[in-house]
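# okay, here's the prediction I keep looking at, along with the sequence it came from:
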Amino acid sequence: MHEREPRRRLRILTWHVHGNYLYYLTQVPHDFTIITQPGNPPGYSALGNSIPWGANVREVPHDRLAGEQFDCVLFQSRRPYEEDQHCLLTPAQRALPRIYLEHDPPQQHPTNTPHWFQDEAGLLVHVTPFNALMWDSGATPTRVIEHGVIVPPEVRYQGDKPRGIVVVNHLARRGRRLGADVFEQVRRQVALDLVGMDAEASGGLGEIPNMALAGFMAHYRYFFNPIRYTSMGLAVVEAMMVGLPIVGLATTEMATAVRNEETGYVDTRPQRLVEVMRTLVAEPELARRWGAAARAYAQRRFGIARFIDDWNDALQSVVPAAAAAQS
């Protein structure tokens, strides 16, 4: 765990929603408890051993929560906030300071969807400025905490495979929003490998273990993101941090995260992206140059130290000093 000690250490109750994000979040020097249920249903799965969790992360079965003390509740999905908390948490736990971490842009109307977390005493955290722009957050205080990632220090861009890497989970099931049709269109024209959960259903290679993904991506010439509409993917940020040039659709936060002909290339015309990918395959030094710039940019914008500082500040703003000291 990266130690950037806050003014006080907090006990935070949260859910296991996105494993990689939770790993980065738990680099923040507080103590995190996740809720588990038998059978590992979504949001309640055990931590497992595929990620090197720190000593500040622990599990508590859902039926033993009543005896636990916390300083803050961090929601990360809708059902636990709207339904589950009322049967899992005690009245005292439900009255604790609360944060809702929103991972995605609105899935219904892109501009006119009110967020369900309406709480003037709480805090709604968005992971990209685009998401914050699109959600109607109402009267709830909001802030943006952009991603912070870690890649193994020994992993560096190799680019020896003259093809692109695509990282999307369950692409076949998630369809147009995640760019399944764009991926198929582009794959007919350039060499692409797809990895992620159930990638085999789309003709891909399968899932790569979390901690091995950065090293796996490092061998590809470029990273291609076919997604039309979702949050800024952690895999994109991790690829930048490794030093891959990024090619993708100029939508959502991708439009600000990639600088054309400097760190990669984004456009709303898939055929233009195909041309760029062919150029990167034909000109490996260009790919290496763009990738080096992408890595430098990612280190400035998505460094883990900035992420830790932002989360420390957010947590301290929600949990009064007196409450943390007395609990």
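Sure, I can see it. Numbers count the residues shown, from 1 in each chain.

# all contacts plus neighbour counts: C-alpha atoms, from now on.
Noted.

# my read: Ala139 touches Asp119, true?
Yes. With contact defined as CA atoms under 8 Å, Ala139 and Asp119 form a contacting pair (7.2 Å).

# those two: which is more packed in?
Neighbours were counted for Ala139 and for Asp119 using other CA atoms under 10 Å; Asp119 has more, 16 against 11.

# tell me the contacts of the nearest residue to the more buried one once chain neighbours are set aside?
With sequence-adjacent residues excluded and distances taken as CA to CA, 6 or more residues apart in numbering, Asp119 is closest to Thr140, at 5.2 Å. By CA atoms under 8 Å, 6 or more residues apart in numbering, the contact set of Thr140 is Phe117, Gln118, Asp119, Glu120, Ala121, Gly122, Leu123, Leu124.

# change it to 10 Å
By CA atoms under 10 Å, 6 or more residues apart in numbering, the contact set of Thr140 is His115, Phe117, Gln118, Asp119, Glu120, Ala121, Gly122, Leu123, Leu124.

# against Asp84, how distant is the first one?
So the one you mean is His115. In this view, His115 and Asp84 are 18 Å apart by CA to CA, to the nearest Å.

# between the two, who's got more neighbours?
It is His115, of His115 and Asp84, that has more neighbours when counted by other CA under 10 Å, with 15 against 11.

# strands of this protein, start to end?
Applying DSSP state E to the chain gives strands spanning 11-14, 31-36, 57-61, 72-75, 98-102, 123-126, 142-144, 161-167, 192-195, 220-225, 246-249, 264-267.

# among those strands, which is the most enclosed?
For these, the largest average neighbour count (mean count of other CA atoms under 10 Å) is found in strand 220-225, namely a mean of 28.

# now mean pLDDT and distance to Ala201 too, for the strands of the chain, in JSON lines please.
As requested, the strands of the chain are exported to JSON lines (pLDDT from 0 to 100; distance: least, CA to CA, whole Å):
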{"stretch": "strand 11-14", "mean pLDDT": "98", "distance to Ala201": "32"}
{"stretch": "strand 31-36", "mean pLDDT": "98", "distance to Ala201": "29"}
{"stretch": "strand 57-61", "mean pLDDT": "97", "distance to Ala201": "33"}
{"stretch": "strand 72-75", "mean pLDDT": "98", "distance to Ala201": "32"}
{"stretch": "strand 98-102", "mean pLDDT": "98", "distance to Ala201": "28"}
{"stretch": "strand 123-126", "mean pLDDT": "98", "distance to Ala201": "31"}
{"stretch": "strand 142-144", "mean pLDDT": "98", "distance to Ala201": "35"}
{"stretch": "strand 161-167", "mean pLDDT": "98", "distance to Ala201": "14"}
{"stretch": "strand 192-195", "mean pLDDT": "98", "distance to Ala201": "10"}
{"stretch": "strand 220-225", "mean pLDDT": "98", "distance to Ala201": "18"}
{"stretch": "strand 246-249", "mean pLDDT": "98", "distance to Ala201": "22"}
{"stretch": "strand 264-267", "mean pLDDT": "98", "distance to Ala201": "27"}
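
# let me have these in JSON lines, adding distance to Val281 as columns.
As requested, the strands of the chain are arranged in JSON lines below (distance: least, CA to CA, whole Å):
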{"stretch": "strand 11-14", "distance to Val281": "43"}
{"stretch": "strand 31-36", "distance to Val281": "44"}
{"stretch": "strand 57-61", "distance to Val281": "43"}
{"stretch": "strand 72-75", "distance to Val281": "43"}
{"stretch": "strand 98-102", "distance to Val281": "37"}
{"stretch": "strand 123-126", "distance to Val281": "36"}
{"stretch": "strand 142-144", "distance to Val281": "36"}
{"stretch": "strand 161-167", "distance to Val281": "5"}
{"stretch": "strand 192-195", "distance to Val281": "11"}
{"stretch": "strand 220-225", "distance to Val281": "7"}
{"stretch": "strand 246-249", "distance to Val281": "12"}
{"stretch": "strand 264-267", "distance to Val281": "13"}
